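Visitor: Pasting the sequence and the predicted coordinates here, then a few questions.
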Amino acid sequence: MADKVVKGYWDCPYCNSREIDGLVDFCPNCGVHKPKDVKYYLKGNVTTNTTYSKSQVPDSDVLSEKELEKAGISKEECDGKHKEWVCDFCGSLNNWADNVCSSCGSQKDESDTLYGGEKKSGEEPAEQQHTASSKDKEQLSVWDKIKSFFVKNRKAAAIVTVIIAVLSVMFFPYKKVVTVKSFAWERNISLEEYRTVQESDWNVPEGGRVYDEKTEIKSYVSVVDHYETVWETKTREVFDHNETSTTYSDNGNGTFTEHTTTTPVYRTETYQESHEEPVYRQDPVYATKYYYDIDKWVDTGNDYPSSGKDHKPYWNEDYKPMADNIRDTDRSETYTVKLDNGKTQEKSYSEWKNMKIGDTKEQTTCLVGIVYSEKDLGK
């Protein structure tokens with residue numbers, strides 16, 4: 001719908017006359033010119049910062065182009081950008097189109113103030129400047145916001161501080177000297193045997209001697225068996241009705257503009273929709289499976305361990321002499337030292353064999369027990 005220009009009103013501060021037509025410059029009761037700080041309003045406590053469901057202005061207050069022209073105002077000037085200007089010499093309000101003051105004849109370009117205290121130069125009224133300044137103060141840096149958060153949340157700040165302090169203490173590096181008190185070692189040998197075993201597979205490996213073959217299920221394949229109709233409940237947005245909203249803006253020349261907006265309102269509707277879904281069956285895939293004998297090395301399951309708490313490791317070779325079909329293939333070994341602080345460290349054989357009881361080492365460690373570095377001090 002098209003916007004409408006409607007009549008505004010003002011009150012005379014001298015004789016207290018109320019609801020004077022905004023297009024009238026002089027009070028009809030006392031004859032005084034409307035003051036420079038006049039504030040136009042709409043009847044019935046209608047405000048410019050409220051949205052209404054319908055028009056709040058009677059038809060009699062809707063202004064025609066002829067009524068506007070009679071007051072020396074064009075409809076195009078009723079857009080909030082062509083406000084009345086205040087004569088800086090006599091304080092009278094004048095229409096935007098007036099180039100000289102209607103009261104004293106001063107030139108328009110010699111005055112700098114518009115309706116509501118706005119400046120022609122683009123300066124904001126003092127009230128708006130204060131608001132802008134407040135907004136600037138709200139643009140805090142990230143660090144300021146963090147500090148502000150902890151000030152407002154002292155309990156959270158205290159918890160975070162305690163956690164940081166505990167972690168710092170637990171992982172703080174310090175040096176200490178430890179002494180080698182004893183040694184320990186473990187060794188193990190595993191044997192393999194070359195013999196004939198029976199296996200089965202879909203292919204015969206090299207050296208395999210087939211003694212049987214069977215047709216068996218190797219895998220399954222998904223095949224469409226039939227289709228089923230599946231119904232789903234879905235939702236969609238459908239038009240319900242139009243909603244009209246009305247707002248008002250002060251044009252700053254004794255008039256207001258009534259803005260009417262029509263917005264479609266939708267409702268959620270449920271409906272049923274079907275589609276066909278395939279149902280699968282699992283069909284077997286057959287192939288020939290081979291059963292065969294093959295000669296190969298296999299673990300005997302016999303281990304030959306040895307261990308001690310001295311500095312003389314050896315391999316347990318009680319399995320010797322070996323038959324031709326037995327071999328020694330897997331050897332494992334572990335070497336540790338026990339320190340005077342009760343902790344045990346695993347070492348490589350080359351490092352372990354060169355250590356002696358009474359050797360000292362300087363460790364950089366922490367309360368958690370992590371060793372950051374270690375330096376050999378000898379005895």
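Guide: That came through, no problem. Residues are numbered from 1 along each chain as shown.
Visitor: isn't residue 284 right up against residue 222?
Guide: No: look at residue 284 against residue 222 with Cβ atoms under 8 Å: they stay out of range, at 11.7 Å. No exception for glycine: its C-beta is placed from N, CA and C like everyone else's.
Visitor: does the nearest residue to residue 341 once chain neighbours are set aside have beta-bridge partners, and which?
Guide: Leaving aside its sequence neighbours, residue 341 sits nearest to residue 178 (Cβ to Cβ, 6 or more residues apart in numbering; 5.5 Å). Bridge pairing for residue 178 (DSSP bridges) gives the partners residue 361.
Visitor: For the helix or strand harbouring residue 279, give the mean pLDDT please.
Guide: Per DSSP states H and E: residue 279 is located in strand 255-308. Taken as a whole, strand 255-308 has an average pLDDT of 96.
Visitor: Quick check: what element follows it along the chain?
Guide: strand 326-339.
Visitor: ok, residue 167 to residue 248 distance?
Guide: According to Cβ to Cβ, to the nearest Å, residue 167 and residue 248 sit 61 Å apart.
Visitor: now this structure, which segments are flagged as low pLDDT?
Guide: The chain contains residues with pLDDT under 70 at 1, 121-152, 378-379.
Visitor: hey, what's the nearest residue to residue 277 once chain neighbours are set aside bridged with?
Guide: Leaving aside its chain neighbours, residue 277 sits nearest to residue 230 (5.0 Å; criterion: Cβ to Cβ, 6+ apart). On the basis of DSSP bridges, residue 230 is bridged to residue 275.
Visitor: Please give the number of neighbouring residues around residue 230.
Guide: The number of residues packed near residue 230 is 10, by other Cβ atoms under 10 Å.
Visitor: again with the one 10 residues further on
Guide: Counted with other Cβ under 10 Å, residues neighbouring residue 240 total 12.
Visitor: roughly how far apart are the closest residue in space to it that isn't next to it in sequence and residue 237?
Guide: Leaving aside its chain neighbours, residue 240 sits nearest to residue 267 (4.3 Å; criterion: Cβ to Cβ, 6+ apart). Computed as Cβ to Cβ, the residue 267 to residue 237 distance reads 7 Å.
Visitor: for residue 204, same thing?
Guide: 66 Å.
Visitor: These two: who's more crowded?
Guide: The neighbour comparison of residue 204 against residue 237 (other Cβ under 10 Å) goes to residue 204, with 16 against 9.
Visitor: SS state for that one?
Guide: Per DSSP: H, G, I helix; E, B strand; the rest coil, the secondary structure class of residue 204 is coil.
Visitor: again with the one 3 residues further on
Guide: What three-state DSSP gives for residue 207 is coil.
Visitor: I'd say it and residue 292 touch.
Guide: No: if you go by Cβ under 8 Å, residue 207 and residue 292 don't touch, sitting 9.1 Å apart.
Visitor: quick one: which of those two has more around it?
Guide: Taking other Cβ under 10 Å, residue 207 and residue 292 do not tie; residue 292 has more neighbours (18 against 10).
Visitor: Could you list which residues are in contact with that one?
Guide: 198-201, 204, 208-211 (Cβ atoms under 8 Å, 6 or more residues apart in numbering).
Visitor: Mark which of those are buried, thanks.
Guide: Buried by 16 or more other Cβ atoms under 10 Å: 204, 208, out of the contacts of residue 292.
Visitor: ok, so of the contacts of residue 292, who is nearest residue 330?
Guide: residue 199 (22.1 Å; Cβ to Cβ).
Visitor: which residues touch the closest one?
Guide: Residue 199 neighbours (Cβ under 8 Å, 6+ apart): 208, 291-292, 294.
Visitor: swap in residue 6?
Guide: Per Cβ under 8 Å, 6+ apart, neighbours of residue 6: 42, 57, 61-63, 248, 255-258.
Visitor: rerun that using 10 Å as the cut-off
Guide: 22, 42-43, 46, 55-63, 78, 248, 251, 255-258 (Cβ atoms under 10 Å, 6 or more residues apart in numbering).
Visitor: Now, those that are in strands?
Guide: Among those, the members found in strands (DSSP state E) are 248, 255-258.
Visitor: from these, which would you call buried?
Guide: Taking 16+ other Cβ under 10 Å as the criterion, what is buried in the ones in strands among the contacts of residue 6 is 248, 255-258.
Visitor: quick one: residue 218 from residue 210, how far?
Guide: Residue 218 sits 17 Å away from residue 210, taking Cβ to Cβ as the criterion.
Visitor: Which secondary structure elements does the helix with the most length in the chain sit against?
Guide: In terms of residue count, the longest helix belonging to the chain (DSSP state H) is helix 154-171. Applying 3 or more Cβ pairs under 10 Å, 6 or more residues apart in numbering; DSSP states H and E, we find helix 154-171 packed against helix 142-152.
Visitor: Hmm, the residue nearest to residue 341 is touching residue 343, no?
Guide: Yes: between residue 178 and residue 343 there is a contact at 7.9 Å, judged by Cβ atoms under 10 Å.
Visitor: This completes my enquiry, with thanks.
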